[in-house]
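**Q** Quick one: sequence plus predicted model below, questions after.
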Amino acid sequence: MIGAAMMFGGLITVDARGAASLQTVSPLAVADRIPQVDEEAPNFLLKDSEGFNVTLDQFRGKVVLLNFWATWCGPCKIEMPAMERLYRSFSRTEFEILAVSTDAQGAAVTRPFQRETGFTFPVLHDADFRIGLRYGARQLPMTFLIDRKGIIRNRIPGARDWNTPAGKRLVESLLQGS
């Protein structure tokens, strides 16, 4: 093998003659296995919209709603106003939303989007979808609720109206149970 490049779902290899071949390789074959509900949430290091480093471990002691999304994702944009209302209904000392954008352009597209929509929760950037794959987020949006001890308590695929009584109860149960 002369060269190799990872692409979503496979590995392209090029031999000495310049012939390329695609080997199906799960991106998770390189990473650890996907964490399950009731297991510890993997720590990560991502940049926020201002370029500051943010880790999941910084929020230990708080309930965290970890949401993978993109500005081009219709269902993501639909659920965000309800996420903002949920965010404003709980104290920052106990609850945090981390919206992890998978947009390849990063802050260049999320900053204007956040300004236009008025969302105040932190936006982090995972342009190569490395963290999303690590969590097993195979669709957008994908949300994980993480308790104060860093344990994944819920994995929720698809959009959800977070501002409903059921959505608030879900967060409240983690706030009271941890």
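**A** Received the coordinates, thanks.

**Q** which parts of the helix or strand containing residue 109 are buried?
**A** Element membership of residue 109 [criterion: DSSP states H and E] is helix 107-117. Applying a neighbour-count criterion of 16 or more other Cβ atoms under 10 Å, the buried positions in helix 107-117 are 107, 109-110, 113-114. (Each C-beta comes from the backbone N, C-alpha and C, glycine too.)

**Q** And for stretch 71-79?
**A** For stretch 71-79, the neighbour count (16+ other Cβ under 10 Å) marks 71, 73, 76-77, 79 as buried.

**Q** right, and the pair among those residues with maximum separation?
**A** Among the buried residues of stretch 71-79, the pair separated by the greatest distance (Cβ to Cβ) is 71 and 79, at 13.2 Å.

**Q** so is residue 71 in a helix, a strand, or just coil?
**A** On the three-state scheme (DSSP: H, G, I helix; E, B strand; the rest coil), residue 71 is labelled coil.

**Q** Walk me through the domains of this protein.
**A** 1-30, 32-177 (automatic domain parsing).

**Q** Make a markdown table from those domains and add mean pLDDT to it.
**A** Formatted as a markdown table, those follow (pLDDT from 0 to 100):
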| stretch | mean pLDDT |
| --- | --- |
| domain 1-30 | 41 |
| domain 32-177 | 96 |
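
**Q** Deepest in the core, which of those is it.
**A** Among the domains of the chain, ranked by average contacts under mean count of other Cβ atoms under 10 Å, first place goes to domain 32-177 (a mean of 17).

**Q** Contacts only, for the spatially closest residue to residue 65 that is not a sequence neighbour.
**A** Among residues not flanking residue 65 along the chain, residue 97 sits closest, at 4.6 Å (Cβ to Cβ, 6 or more residues apart in numbering). Residues near residue 97 by Cβ atoms under 8 Å, 6 or more residues apart in numbering: 64-65, 67, 83, 86-87, 121-122.

**Q** ok, 7 Å please
**A** By Cβ atoms under 7 Å, 6 or more residues apart in numbering, the residues touching residue 97 are 65, 67, 83, 87, 121.

**Q** Same check on residue 123?
**A** By Cβ under 7 Å, 6+ apart, residue 123 lies in contact with 48-49, 99, 101, 110, 114.

**Q** pretty sure residue 40 is in contact with residue 147, am I right?
**A** No: using Cβ atoms under 7 Å, residue 40 is not in contact with residue 147; the gap is 10.3 Å.
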